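Novice: Provide a 3D model corresponding to the input given below.
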Amino acid sequence: SVKSCLPPSWDAYTLDYRYRETPHHIAVRQVDALADEAPSAVIYSLDGLRQEGEGVMLADDGAAHRIDVVIRRARVAS
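Specialist: Below is the predicted model:
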């Protein structure tokens, strides 16, 4: 799972991660609000399919995978 520790000014970042022999292209976006049906502050999708739970299981199947993570931006106290 991912806990947001991004500076509020960051909107997104990407990274490439290899799990054993399998590449995973990960895109993390930080938004001000999530869809109403989002039960937590993070939404995960794997190859375009929304995942239930708090994370994504990495596969070692040799095929490239895309993981999208959308995080609710932390509110800054004033």
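
Novice: how about the strands of the protein, start to end?
Specialist: 12-19, 22-31, 42-46, 49-51, 65-72 (DSSP state E).

Novice: Out of those, which gets nearest to Cys5?
Specialist: Among the strands of the chain, the nearest to Cys5 by CB to CB is strand 65-72 (9.8 Å). Just so you know, the C-beta spots here come from the backbone N, C-alpha and C atoms, and that holds for glycine as well.

Novice: Check which residues of that closest one are buried.
Specialist: Residues 65, 67-72 are the ones in strand 65-72 that count as buried (16 or more other CB atoms under 10 Å).

Novice: and it, how far from the chain's centre?
Specialist: Distance, stretch centre to chain centre, for strand 65-72: 3 Å (CA atoms, centre = their mean, to the nearest Å).

Novice: related to what we said a few turns ago, could you dump the buried residues of strand 65-72 into a markdown table with distance to Glu54 added?
Specialist: Shown next, in a markdown table, are these (distance: CB to CB, whole Å):
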| residue | distance to Glu54 |
| --- | --- |
| His65 | 18 |
| Ile67 | 13 |
| Asp68 | 15 |
| Val69 | 11 |
| Val70 | 13 |
| Ile71 | 12 |
| Arg72 | 14 |
